[in-house]
Structures are given as C-alpha cells and as structure tokens.
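Engineer: My questions are about this predicted structure, shown below with the sequence.
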Amino acid sequence: MATERLRTIGTILKKELKAYRYMLKHPRTPRLSKFLLALAVGYALLPFDLIPDFIPLIGHLDDLVIVPILVIVALKIIPKDVVEECRNLAGRQEII
C-alpha cells in the first residue's frame, strides 16, 4: 500500500517536473516565472543551502519551504492556459 502510494507520488512529481520544463520553454511564460522556476530547480540541486543540512530539523526545513514557495509564486504569474497546456503536453508524453 505504501509503495503504491510512493509510486503514484513519484509519477505525479515526474509529470510536474516535465510540465515545468515545458513552461520554461513556452514563449508566453513571463520572464519572472522562468527565473523563479529556474531558481527553484537550481536551489534544489545545489549541494549547499542557506541553512546547512547538518543543523537538525531546520537544515532540511529550508528545502521544504523555499523551493515550493518559489514554484507556487512562479505558477501564479504564468497564465492559466499556458499551465494547462504544458501539463497536458507532459501528460501526453507520459503515455507515448
């Protein structure tokens, strides 16, 4: 049961990341949104953080707060039809 749920979450996350990639390339995506999405991905992949991970609890909390906030703000700025188009495109690519 738990493995199936993790697998579902992984599939959704993979689809969302693919949609974000399409949003970064879309011509109607505002520059600020492109910058925020790129910053979120970069921050998640960088080996160093604002608060080092070796500090208990708080060290990992910055990753769980900063990255989602950047993504949420970026998605609020992107026109809804662009978000839907990119998510649909990412979903179709999954089936093929």
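Structural biologist: In hand now; what should we look at?

Engineer: For this protein, which residues score under the pLDDT cut-off?
Structural biologist: Within the chain, the stretches with pLDDT under 70 are 93-96.

Engineer: What segments of it are helices?
Structural biologist: Along the chain, the stretches classed as helices by DSSP state H are 2-25, 31-45, 58-77, 80-95.

Engineer: Could I get those in JSON lines, plus columns for mean neighbour count and distance to P52?
Structural biologist: In short, each C-beta sits where N, CA and C put it, glycine included. Formatted as JSON lines, these follow (neighbours: other CB atoms under 10 Å; distance: least, CB to CB, whole Å):
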{"stretch": "helix 2-25", "mean neighbour count": "13", "distance to P52": "25"}
{"stretch": "helix 31-45", "mean neighbour count": "15", "distance to P52": "14"}
{"stretch": "helix 58-77", "mean neighbour count": "14", "distance to P52": "6"}
{"stretch": "helix 80-95", "mean neighbour count": "14", "distance to P52": "34"}
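
Engineer: Let me know which of these is the nearest to I51.
Structural biologist: helix 58-77 (4.6 Å; CB to CB).

Engineer: quick one: the closest one to helix 31-45, angle?
Structural biologist: Here helix 58-77 runs at 160 degrees with respect to helix 31-45, directions being taken by axes from the mean of the first three to the mean of the last three CA atoms, to 10 degrees.

Engineer: same for helix 58-77, what does it pack against?
Structural biologist: Taking 3 or more CB pairs under 8 Å, 6 or more residues apart in numbering; DSSP states H and E as contact, the helices and strands that helix 58-77 lies on are helix 31-45.

Engineer: what angle sits between the helix it packs on and helix 2-25?
Structural biologist: Compare the direction of helix 31-45 with that of helix 2-25 by the same axes, to 10 degrees and you get 140 degrees.

Engineer: what does helix 31-45 rub up against?
Structural biologist: The set of residues external to helix 31-45 that reach it, using CB atoms under 8 Å, 6 or more residues apart in numbering, is 20, 23-24, 49, 63, 66-67, 70-71, 73-75, 77-78.
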